[in-house]
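A.B. asks: what shape does this take:
(chains A, B and C)
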Amino acid sequence: MSDGATWNSLHLLGLEDYSIGEIEMIFKRAEEYLPLCRTGGMKRDDLKGKMIANLFFESSTRTRMSFSLAARRLGADTMDFAPSGSSISKGETFIDTARNIEAMGVDIMVVRHASPGAPHLLSRHLNASIVNAGDGAHSHPTQGLLDIFTIRQHKGDLKNLTVALVGDILHSRVARSNINGLLKFGARVIVCGPPTLVPDELRQLGVQVAHNLDAILPECDVVNMLRIQFERQRSGMFPSIHEYALLFGMNSERLARAKKDLLLLAPGPINRGVEITPEVADGSNSVILEQVTNGLAIRMAVLSLIADERTKRANQKKVGHSPIEPAAITR
Amino acid sequence: MSDGATWNSLHLLGLEDYSIGEIEMIFKRAEEYLPLCRTGGMKRDDLKGKMIANLFFESSTRTRMSFSLAARRLGADTMDFAPSGSSISKGETFIDTARNIEAMGVDIMVVRHASPGAPHLLSRHLNASIVNAGDGAHSHPTQGLLDIFTIRQHKGDLKNLTVALVGDILHSRVARSNINGLLKFGARVIVCGPPTLVPDELRQLGVQVAHNLDAILPECDVVNMLRIQFERQRSGMFPSIHEYALLFGMNSERLARAKKDLLLLAPGPINRGVEITPEVADGSNSVILEQVTNGLAIRMAVLSLIADERTKRANQKKVGHSPIEPAAITR
Amino acid sequence: MSDGATWNSLHLLGLEDYSIGEIEMIFKRAEEYLPLCRTGGMKRDDLKGKMIANLFFESSTRTRMSFSLAARRLGADTMDFAPSGSSISKGETFIDTARNIEAMGVDIMVVRHASPGAPHLLSRHLNASIVNAGDGAHSHPTQGLLDIFTIRQHKGDLKNLTVALVGDILHSRVARSNINGLLKFGARVIVCGPPTLVPDELRQLGVQVAHNLDAILPECDVVNMLRIQFERQRSGMFPSIHEYALLFGMNSERLARAKKDLLLLAPGPINRGVEITPEVADGSNSVILEQVTNGLAIRMAVLSLIADERTKRANQKKVGHSPIEPAAITR
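C.D. replies: Model (predicted):
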């Protein structure tokens, strides 16, 4: 399906910017890299000499580590920058910080920020490439990509597959990136959770809205159990944890009423006993740890496609000082 | 002595698991690596492409840094994971954390944990190799190895050597790993300190118990001054610092009554003026800084022996996905 | 001008130790490295196998990162050591800490410390080379070097150039290193700020003292806007921020009354709206981001000149254990 498609992006901001063909190019390269991501995998030099900076204005261990490892598995050098206490309200300082780091010779900046659109803003002010590692409740494109990549590994074509996203859809950037990608590939998407966290207005995204997991579960081929972000919940929007687990948690009894080959995803870290019971998390339907490994491969693919594009443009220009055009002309 | 011995361990959990021949293999390789560990030493590629993760559930700067440097001197890539606030009471979360990190393609995990047995537990649930960097008061095998390695450099054969461990033996994993290794090599071991910290029951470990340093010092060939871990002391078990230094500290007067070639070790960081006075710490009997350098060489040796064993088994199996057998069959 | 000069220093402690010829050697090498420092720049192996440790007893993100990147761009390995809560009052512990880190095979130690002279002290007790990354209000030599390097890029010869340092001169190590270097190269230096922060006694440094920026600005070829270190101000020494910005801040109106080609430096991070208004910081007179890139090149040059000297001495001696003579003989 990627035949004829070409990759010409300097940034990865959100999945809405890409065609199926471009996403297939990411998947194809991720598949090449996958053997490197497993224990015992070797290192490559594809990104040798490249400097990749992590700018995480929201704390994160797993995603940051995954991007760092992805970069280093390809021979790039990495640096971590974790500003303490920053918000988009200090807009100028935010851009200043990024431009200072860029001035140290950074090629690609991986950015996580609490404010939706922060990575997009940077992409307009910097020559470095920007990869969105999560901006508020807006988008988390590499998570969306790795989830879809994992589903395809197990289910093949996504067309006519029924995929349910369960939990707090309202505040979830993972949900938004999943929905975007899944619809693009022709899947039927159901979002399911308490009415406060899955309001009817979400139908405008092109998905089916449900509040009863047991009612929709028998139709599902895939269920993606979103993590309850307790830190993001406001009082009154969320039932008790016990009640949540009872209504929307995945357990053995519920699993028994689903399709035999139901594929169970969870972006992690999971709250065992809340979204998923331990025996289900470790059971044969679960692909939670595969998602982690696939995430590494997806991030390697994204970084190397962007680096290739930078090299291509630099060779076209052969400008000494700044090999990349001002950000304005890129997308 | 290592003739005929073979190394076939995937993990390093405690010295009790190894024969003299196997420990000699570690020492032999450490000697090869030692020139690399000194200032001006070069880097090797023995572990190129390997990913080694530090999982330190107890904070530590020196040991973590030593393992990181050991890995990188051999060309491995490293990642540090320092979970904030974790205990074995969250047993499942602990294993989940480790398995998630493993899923990022980790070959060897260096683990420090406040709970005795935590590394052993991981070794049964992961395919990655586990190196114990200290588990509670139980074991700190690389510290034991580097202490014995340092003694042998200066004293040759350990048989019939009298080695005193001075200080808080009760709570010390360094003491336990020293005792285990020293007895294996035929040394006579005396543990010496206040009765509350060196109770008579310790005789069951096969050592001599003493409470008067001046009485045993003239017989000693080696004294290992354990660090007083003020943070681990409960009230009532410990005399005043002044009294401790008076009774169990090493100073010039005391040193004058010891054998001329007494070898003085201390695992560091030392509390100057408590366990050791500055002039003795910096004097000619002290090998404190050599221990640091030897520690690097020992850790390089352990990591590379384990990596070799992993490669050997992977070549035997030629299994695509997971080159290493489930942990159950390993030791 | 560097013809005939030779570099024979194992340390970089302060600019007062160097001749013009030696500084020219740093600049010459920095120019060679500059293309590597820009986005898209490649990596070199000049420092392969070298271990460079950052010992930052005062917190810093930018300078530490710049040194790390400089080291890694040249193929060195780096380690960061950030002791929590340390002061020169624990003199022995400070040296112990450094010697322990040195014993892990460190070649060059980059040191920042709140106490003036701390790096000099280390250089007398260690075999590793010491690079001063800022000691109290005393010296910050690589910042001085990068500022002068940046001025020369734009203005050529410094002789008879008028350079004003504006702000808190009294507490600024950046000011001290600038003054030292600028005077050496024959520039006329004016220090300008409130009388409490720029007392008349500073004339003894060989500079002109001024308290009215508008009076001196028309004569200036270069203005270096020092950052107001709010954390270092004691009450009573400093006017209100508003008043400071009014009297000593750079803004469009003020800039209009300066020479057309006035060069505007700032060591960063800047307090936008205090020392410099945003439109001036981002305007064509400002070289703030160039300073960041030049800083990387200067640090690469310093590290590699020192590494070369270490190699030269090691080859002369061919001593196995410690290739470098005791620090006493070095300067």
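A.B. asks: give the contact list for the closest residue to chain C within the stretch 101-250 of chain A.
C.D. replies: When scored by Cβ to the nearest Cβ, the stretch 101-250 of chain A has A:Ala103 as its residue closest to chain C, at 3.7 Å. All C-beta spots, glycine's among them, are computed from the backbone N, C-alpha and C. By Cβ atoms under 8 Å, 6 or more residues apart in numbering or on different chains, the contact list for A:Ala103 reads C:289-290, C:292-293.
A.B. asks: what's it sitting at in phi/psi?
C.D. replies: Main-chain dihedrals, A:Ala103, degrees, to the nearest 10: phi -70, psi -10.
A.B. asks: mind saving the C-alpha coords of stretch A:170-184 as PDB?
C.D. replies: Output of stretch A:170-184 as PDB, limited to C-alpha atoms (Å, rounded to 0.1, in the frame of the first residue of the first chain):
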ATOM      1  CA  LEU A 170     -12.300  12.800  27.000                       C
ATOM      2  CA  HIS A 171      -8.800  13.500  28.400                       C
ATOM      3  CA  SER A 172      -6.800  11.000  26.500                       C
ATOM      4  CA  ARG A 173      -4.300  11.900  23.800                       C
ATOM      5  CA  VAL A 174      -3.700   8.200  23.200                       C
ATOM      6  CA  ALA A 175      -7.400   7.800  22.400                       C
ATOM      7  CA  ARG A 176      -7.300  10.800  19.900                       C
ATOM      8  CA  SER A 177      -4.300   9.400  18.100                       C
ATOM      9  CA  ASN A 178      -5.800   5.900  18.000                       C
ATOM     10  CA  ILE A 179      -9.100   7.100  16.700                       C
ATOM     11  CA  ASN A 180      -7.400   9.200  14.000                       C
ATOM     12  CA  GLY A 181      -5.300   6.300  12.800                       C
ATOM     13  CA  LEU A 182      -7.900   3.500  13.100                       C
ATOM     14  CA  LEU A 183     -10.500   5.400  11.100                       C
ATOM     15  CA  LYS A 184      -7.900   6.100   8.400                       C
END
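A.B. asks: so for it, what's the average pLDDT?
C.D. replies: The predicted model gives stretch A:170-184 an average pLDDT of 95.
A.B. asks: equivalent analysis for stretch A:279-298, please.
C.D. replies: pLDDT averaged over stretch A:279-298 gives 96.
A.B. asks: kindly report the same for stretch A:198-208.
C.D. replies: What stretch A:198-208 shows for mean pLDDT is 94.
A.B. asks: stretch A:150-160 too?
C.D. replies: Averaging pLDDT along stretch A:150-160 gives 96.
A.B. asks: for the stretch 151-300 of chain A, which residues are neighbours of chain B?
C.D. replies: Listed as neighbours of chain B in the stretch 151-300 of chain A under the rule Cβ under 8 Å from any Cβ of the partner chain: A:268-270, A:272, A:278, A:289-290, A:292-293, A:296.
A.B. asks: which among the residues you listed gets closest to A:Ile130?
C.D. replies: A:Leu296 (20.0 Å; Cβ to Cβ).
A.B. asks: and the residue nearest to that closest one when sequence neighbours are not counted, how far from A:His120?
C.D. replies: The shortest distance from A:Leu296 to any non-neighbouring residue, by Cβ to Cβ, 6 or more residues apart in numbering or on different chains, is to A:Cys37 (4.2 Å). Distance, A:Cys37 to A:His120, by Cβ to Cβ, to the nearest Å: 29 Å.
A.B. asks: who's more crowded, these two?
C.D. replies: More crowded of A:Cys37 and A:His120, by other Cβ atoms under 10 Å in any protein chain shown: A:Cys37, with 25 against 17.
A.B. asks: how about A:Val110, secondary structure?
C.D. replies: strand (DSSP: H, G, I helix; E, B strand; the rest coil).
A.B. asks: how near is it to chain B?
C.D. replies: Distance from A:Val110 to chain B, counting by Cβ to the nearest Cβ, to the nearest Å: 15 Å.
A.B. asks: tell me how many other residues surround that residue.
C.D. replies: Neighbour tally, A:Val110, other Cβ under 10 Å: 30.
A.B. asks: with A:Leu296 instead?
C.D. replies: Neighbour tally, A:Leu296, other Cβ under 10 Å: 26.
A.B. asks: B:Gly105 is in contact with that one, correct?
C.D. replies: Yes - using Cβ atoms under 8 Å, A:Leu296 is in contact with B:Gly105, at 6.4 Å.
A.B. asks: anything in contact with each of these two?
C.D. replies: A:37, A:69, A:73.
A.B. asks: ok, now which ones touch the residue nearest to A:Gly14 when sequence neighbours are not counted?
C.D. replies: Spatial nearest neighbour of A:Gly14, excluding adjacent residues (Cβ to Cβ, 6+ apart): A:Ser139 at 4.3 Å. For A:Ser139, the contacting residues are A:13-15, A:116, A:132, A:173, A:176-177, A:180, by Cβ under 8 Å, 6+ apart.
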